[in-house]
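Student: pasted the sequence and its predicted model underneath.
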Amino acid sequence: MIRFFSTERGAHAIRRFLEVDGHRQKVRIEASTYRESASTGMSQPATHIFSDLERVPPPILGEIAKSWDTLDAAGGHRLLNHPVRTLRRYELLRTLYEAGMNQFNAYRLDEVRRPSRYPVFIRRENEHDGAVSRMLMNPEEYDRELEAIHRLPVARDNLLAVEFCDTRDAQGIVRKYGAAIVGGEIKPFHLYVARKPIVKHSTDAIVNEETAAEELNYFEKNPHEEALREIFAMARIDYGRIDYGFRKGRLQVWEINTNPYWIVDSEPDPLRVELLERRSQWLAQAFVRIDTN
């Protein structure tokens, strides 16, 4: 059995997956929330996936870590994404920047450091909804945005200023890559080709025969697996999806979501149907491979 934990707010991701793709699953997958202790009622070995960690307040992470320790001491359980050791967004972005991998930096709004280059945008640290501000082109615009935020009932320690990393090629095209990790397996999940400077969803993408073939080739070839494995290991993340692009040939990580939507295309373009079908088949098999039974 696989027991999947998330916050109450984030539970819809796995529930939607089971609703749409549950018929494919060869193992039992049980969706739970952190309101229930992960070690409650677990007399039989199981695989436990601790997801949605970005949204969990630090004090509760400590309580969840105690459940992890109980399960680990009991033996026989497989545990993915340690609640405390796993890097969350700010820590991940800072680590990748300091390691010389990412070419852009991130700043909490409540810290003394200020952006060293522009443009920047503001985003929420614990959400996956992208920018919550327009592009801020210089220190003066940044200061005005901070003043506006100060007047709002918003906790500044949950907001990040992120330097914009322009990944457009000579033709103005952006490629946003997404790859999944399930246990030790890494597999391409999507490739969105777009003309927007920031790409979030499949609806942002250009879909034609050429881009569909490129996306399917990305899925088949898994060309960045070695580099992604190093990043997942650095982040100590065993389950989730990494979103990234390339700037001047160098891989740039936007985030790793520990509670990704596996079902994101309610009305997929016919040109992407083969990719989506093969992706679903791989994911079902990957869950079989991490099952403890």
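Tutor: Yep, it's here. Numbers count the residues shown, from 1 in each chain.
Student: from here on, contacts and neighbour counts on C-alpha atoms
Tutor: OK.
Student: extract the CA atoms of stretch 84-94 and return them as CSV.
Tutor: Extracted in CSV, the C-alpha atoms of stretch 84-94 (Å, rounded to 0.1, in the frame of the first residue of the first chain):
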residue,chain,number,x,y,z
VAL,A,84,12.5,18.5,7.9
ARG,A,85,15.5,17.6,5.8
THR,A,86,13.8,18.2,2.4
LEU,A,87,14.7,21.6,1.1
ARG,A,88,11.8,23.9,0.5
ARG,A,89,11.6,26.7,-2.2
TYR,A,90,13.7,29.5,-0.6
GLU,A,91,16.3,27.1,0.7
LEU,A,92,16.5,25.3,-2.6
LEU,A,93,16.9,28.5,-4.7
ARG,A,94,19.5,29.9,-2.3
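Student: going along the chain, name the helices of the stretch 1-150 of the chain.
Tutor: Counting by DSSP state H, counting those that start in this stretch, the stretch 1-150 of the chain has these helices, from start to end: 11-21, 58-74, 89-98, 139-150.
Student: the stretch 151-293 of the chain now?
Tutor: Taking DSSP H, counting those that start in this stretch as the criterion, the stretch 151-293 of the chain carries its helices at 209-221, 225-235, 273-290.
Student: who's in contact with the longest one?
Tutor: In this case it means helix 273-290. With contact meaning C-alpha atoms under 8 Å, 6 or more residues apart in numbering, helix 273-290 is reached by 21, 24-27, 47, 78, 182-183, 185, 189, 215-216, 219.
Student: among those residues, which lie within strands?
Tutor: 47, 78, 182, 185, 189 (DSSP state E).
Student: distance check, the second one against residue 5.
Tutor: For residue 78, the distance to residue 5 (C-alpha to C-alpha, to the nearest Å) stands at 14 Å.
Student: against residue 82, how distant is the residue nearest to the spatial centre of the chain?
Tutor: Centroid-nearest residue in the chain: residue 257, 1.7 Å away (criterion: C-alpha atoms, centre = their mean). To residue 82, residue 257 is 14 Å away according to C-alpha to C-alpha.
Student: repeat for residue 33
Tutor: Taken as C-alpha to C-alpha, the spacing of residue 33 relative to residue 82 amounts to 16 Å.
Student: likewise residue 136?
Tutor: 35 Å.
Student: ditto for residue 48
Tutor: On the measure of C-alpha to C-alpha, residue 48 and residue 82 end up 10 Å apart.
Student: who has more neighbours, the two?
Tutor: The residue with more neighbours, out of residue 48 and residue 82 and counting by other C-alpha atoms under 10 Å, is residue 48; that gives 25 against 20.
Student: which residues does the more buried one bridge with?
Tutor: When bridges are called by DSSP bridges, residue 48 pairs up with residue 3, residue 79.
Student: so how far is residue 24 from it?
Tutor: From residue 48 to residue 24 the distance is 20 Å (C-alpha to C-alpha).
Student: quick one, what contacts the residue lying closest to residue 163 once chain neighbours are set aside?
Tutor: Among residues not flanking residue 163 along the chain, residue 120 sits closest, at 4.3 Å (C-alpha to C-alpha, 6 or more residues apart in numbering). By C-alpha under 8 Å, 6+ apart, the contact set of residue 120 is 135, 136, 137, 142, 161, 162, 163, 164.
Student: wait, the last one touches residue 106, no?
Tutor: No - in this structure, residue 164 sits apart from residue 106 without contact. The criterion is C-alpha atoms under 8 Å, and the distance is 9.6 Å.
Student: out of these two, which sits in the more crowded spot?
Tutor: residue 106 (24 against 20).
Student: would you confirm that that one contacts residue 92?
Tutor: No - contact between residue 106 and residue 92 fails when scored by C-alpha under 8 Å: they sit 9.7 Å apart.
Student: is it true that residue 181 touches residue 233?
Tutor: No - counting by C-alpha under 8 Å, residue 181 sits too far from residue 233 to count as a contact (10.8 Å).
Student: number of nearby residues for residue 95?
Tutor: With neighbours defined by other C-alpha under 10 Å, the count for residue 95 comes to 17.
Student: equivalent analysis for residue 259, please.
Tutor: A count of nearby residues for residue 259, using other C-alpha under 10 Å, gives 26.
Student: any idea how far residue 202 is from residue 13?
Tutor: Separation of residue 202 from residue 13 (C-alpha to C-alpha) stands at 17 Å.
Student: over to residue 186?
Tutor: When residue 186 is compared with residue 13 (using C-alpha to C-alpha), they lie 20 Å apart.
Student: with residue 255 instead?
Tutor: Summarising the geometry, the distance separating residue 255 from residue 13, computed by C-alpha to C-alpha, is 17 Å.
Student: what do you get for residue 104?
Tutor: Distance of residue 104 to residue 13, given as C-alpha to C-alpha: 29 Å.
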